[in-house]
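In: Sharing a sequence plus its predicted fold:
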Amino acid sequence: MKLLFVHDHKFRKINNSFYSTGGLNDEVLSRYTNIFDEVIVFSRVIEEQNESNKYSKITNSKVTIINSLTATKDLIKELVKKTDKVIVRMPCFNGIKFLPLCRKLNRNYLIELVACPWDSFWNYDWRGKVIAPFIYLFNKIEVSKAPNVLYVTEKFLQRRYPNKNNTLACSDVVLKKNSEEVLINRKEIIEKSKPIINLGTLAAIDVKYKGQDRVIKAMGVLAKKGIYNYKYYLAGNGDKTYLLKLARKLHIDNNIIFDGGIPHEQIDDWFKKIDIYIQPSLQEGLPRSLVEAMSNALPCIGSTTGGIPELLDNQFIFSNRNSVKQIKKLLLKMTKGQMLSQAELNFQNSKKYQIDILEQKRNNFYNEFKNQSKELRSHKK
């Protein structure tokens, strides 16, 4: 059976090979190739000249990648006709082309809702604010019409984009099982008094809704009070100009370290140098990096955005209003005793996102979708 998978992921094409920046690597794509005989991925492709260790090469022989940037209307129509099922990962602009077409051509489909479109656009820039209401309405209508929807949150996205048909709540986190030794080692590190506390955030550094500027501003407020014992490690691709300029303005640029993109297999090593992980986002579904930090037994602080409050202890959640002031307070509140209890709590909570548990739920849902009728009208009751 042939699946068409639609998204806006930016693949790189280098010397006729395709590479993922992480979100759709071989491991993620295997979720679909383990269920379907062949998977056609319709997404953006950008050609580059030089190989980079920041990218993951796509080697799965059951995957074919089609460049959405050069696709014609006829090709899009042909792809829907020649495949048996369609999965659209939302939010994405390519979904605007495919979802109405699936209904017109009577093709059964599934939406994976992995983030909040309203938050994505409203918190981007002024242009995002202009189109956010239209994108929000489109996504709300499309999700309500979809015969199958997979949400990555337990409650948040379901409340904002409801669907009364066939649904599943299942995070898209890929989390290996960590041994109890990780928690023991973390507690030993916390017990040792350190003059410097390392903060960390793993996210693109030139996407303003990721919110790292709010942490830097909170550090600036602390610095004005003579508190300089925080260093902030930023892992992620992108242009650092904006954040570096902000740090220099606040005279704390020596305390901000840009680590660049980290290959996924090295993420656990990066977490080892972090003492407190912060997820300051203004837009999220259920952030994978936060769950990974929890599985590394890190004390964490996060915003009220998306599914973040579903993950963390409420006393270490900050509102998006007055966020700088609240981040400052939460940093000071994170005493050694709190760090020990939060490390234990987060490590235990992360276990429900381990790959074997989530894969079982997800595979059951995908198999149910696969076994439904190919025709939309035959499937719908």
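Out: Thanks, I have it. Keep in mind that this is a model prediction, so the values were computed, not measured.

In: How about residues contacting stretch 140-155?
Out: 90, 95, 99, 103, 108-115, 157-158, 160-172, 285-286, 306-307, 310, 362, 365, 369, 372, 376, 379-380 (C-beta atoms under 8 Å, 6 or more residues apart in numbering). No exception for glycine: its C-beta is placed from N, CA and C like everyone else's.

In: Out of those, list just those in strands.
Out: 90, 109, 110, 111, 112, 113, 166, 167, 168, 169 (DSSP state E).

In: Just the buried ones among the contacts of stretch 140-155, please.
Out: The neighbour-count test (16 or more other C-beta atoms under 10 Å) applied to those identifies 90, 95, 99, 103, 108-115, 157-158, 160-161, 163, 166-172, 285-286, 306-307, 362, 365, 369, 372, 376, 379 as buried.

In: what's the most distant pair in the ones in strands among the contacts of stretch 140-155?
Out: 109 and 169 (18.9 Å; C-beta to C-beta).

In: Confirm for me that residue 88 is in contact with residue 112.
Out: Yes - in this structure, residue 88 is within contact of residue 112 by C-beta atoms under 8 Å, at 7.3 Å.

In: Give me the neighbour count for residue 229.
Out: 12 (other C-beta atoms under 10 Å).

In: Also residue 266?
Out: 12.

In: ditto for residue 335
Out: Neighbour tally, residue 335, other C-beta under 10 Å: 9.

In: Report the separation between it and residue 324.
Out: 21 Å (C-beta to C-beta, to the nearest Å).

In: And for residue 72?
Out: When distance is defined by C-beta to C-beta, residue 72 is 48 Å away from residue 324.

In: More neighbours: which of these two?
Out: Neighbour totals were compared for residue 72 and residue 324, and residue 324 leads with 18 against 8 (other C-beta under 10 Å).

In: can you tell me the distance between the two ends of stretch 313-332?
Out: One end of stretch 313-332 sits 16 Å from the other (C-alpha to C-alpha, to the nearest Å).

In: What average pLDDT does it get?
Out: Average pLDDT, stretch 313-332: 95.

In: Identify the residues contacting it?
Out: Contacts of stretch 313-332 (C-beta under 8 Å, 6+ apart): 197, 199, 211, 214-215, 217-218, 221-222, 230, 276, 278, 280, 282, 299-305, 308-309, 333-334, 342, 345-346.

In: Could you give me the buried positions within that stretch?
Out: Buried, per 16+ other C-beta under 10 Å, within stretch 313-332: 313, 316, 317, 318, 320, 323, 324, 326, 327, 328, 330, 331.

In: Select from those residues every entry located in helices.
Out: Mapping those onto helices (DSSP state H) picks out 323, 324, 326, 327, 328, 330, 331.

In: Distance to residue 244 added to those, as CSV?
Out: Listed next are those as CSV, based on distance: C-beta to C-beta, whole Å:
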residue, distance to residue 244
323, 20
324, 18
326, 24
327, 19
328, 21
330, 24
331, 21
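
In: Out of these, the closest to residue 254 would be?
Out: Residue 254 has its nearest neighbour among those in residue 331, at 18.0 Å by C-beta to C-beta.

In: Roughly how far does that closest one sit from residue 304?
Out: 17 Å.

In: again, but for residue 184
Out: For residue 184, the distance to residue 304 - C-beta to C-beta - is 32 Å.

In: out of the two, which sits in the busier spot?
Out: Per other C-beta under 10 Å, whichever of residue 184 and residue 304 has more neighbours is residue 304, with 16 against 10.

In: buried residues in stretch 230-245?
Out: Quick answer for stretch 230-245 (16+ other C-beta under 10 Å): 230, 231, 232, 233, 234, 235, 236, 237, 238, 240, 243, 244.

In: Check stretch 269-280 too.
Out: Buried, per 16+ other C-beta under 10 Å, within stretch 269-280: 270, 271, 274, 275, 276, 277, 278, 279, 280.

In: can you pull the alpha-carbon coordinates of the helix ranked longest in the chain into CSV?
Out: As assigned by DSSP H, the longest helix anywhere in the chain is helix 126-145. Output of helix 126-145 as CSV, limited to C-alpha atoms (Å, rounded to 0.1, in the frame of the first residue of the first chain):
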residue,chain,number,x,y,z
TRP,A,126,3.7,41.7,12.1
ARG,A,127,3.2,39.8,8.9
GLY,A,128,2.3,36.7,10.9
LYS,A,129,-0.2,38.7,12.9
VAL,A,130,-2.0,39.7,9.7
ILE,A,131,-2.5,36.2,8.4
ALA,A,132,-2.8,34.4,11.8
PRO,A,133,-6.6,34.7,12.0
PHE,A,134,-7.0,33.2,8.5
ILE,A,135,-4.5,30.4,9.1
TYR,A,136,-6.2,29.6,12.4
LEU,A,137,-9.6,29.4,10.9
PHE,A,138,-8.4,27.2,8.0
ASN,A,139,-6.8,24.8,10.4
LYS,A,140,-9.7,24.7,12.7
ILE,A,141,-12.1,23.9,9.9
GLU,A,142,-9.8,21.3,8.3
VAL,A,143,-9.2,19.5,11.6
SER,A,144,-12.9,19.4,12.3
LYS,A,145,-13.6,17.8,8.9
